[in-house]
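> Task: produce atomic coordinates for the following.
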Amino acid sequence: MSKRPLSFIPRGLPKTESALYVGVGEKLFDEMVQDGRMPKPRLINSKKIWDMRQLDTHFDRLPGGDEAELNEWDGAA
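Below is the predicted model of the structure:
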């Protein structure tokens, strides 16, 4: 678990936190990076870090992001 204060939100996240951020496990996150649904990491020396802004952009592109699509699934359409 991270030791950073709750009020501090980093821009770069390690894989474990990146997977949690988008709501999936690490194995599925790895698959999503491989197939392009999630961004590739940036490298800081040998450490892989995911940019939170890129995670947001890729997450927004996932199916179901359109309000009409969400309504079809929840029966509100």
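> buried set for stretch 40-54?
By 16 or more other C-beta atoms under 10 Å, the buried positions in stretch 40-54 come out as 41, 49, 50, 51, 52, 54. (C-beta placed from N, C-alpha, C; glycine too.)
> now, which of those residues sits nearest residue 8?
In terms of C-beta to C-beta, no member of those lies closer to residue 8 than residue 52, at 12.7 Å.
> Next up, the contacts around that closest one.
By C-beta atoms under 8 Å, 6 or more residues apart in numbering, the contact list for residue 52 reads 9, 10, 11, 12, 13, 21.
> What strand or helix carries the last one?
What that stands for is residue 21. Assessed by DSSP states H and E, residue 21 sits inside helix 15-22.
> Name the residues of that helix that are buried.
17, 18, 19, 22.
> Also stretch 50-70?
50, 51, 52, 54, 55, 58, 59.
> From the chain's centroid, how far away is that stretch?
With C-alpha atoms, centre = their mean, to the nearest Å as the basis, stretch 50-70 stands 9 Å off its chain's centre.
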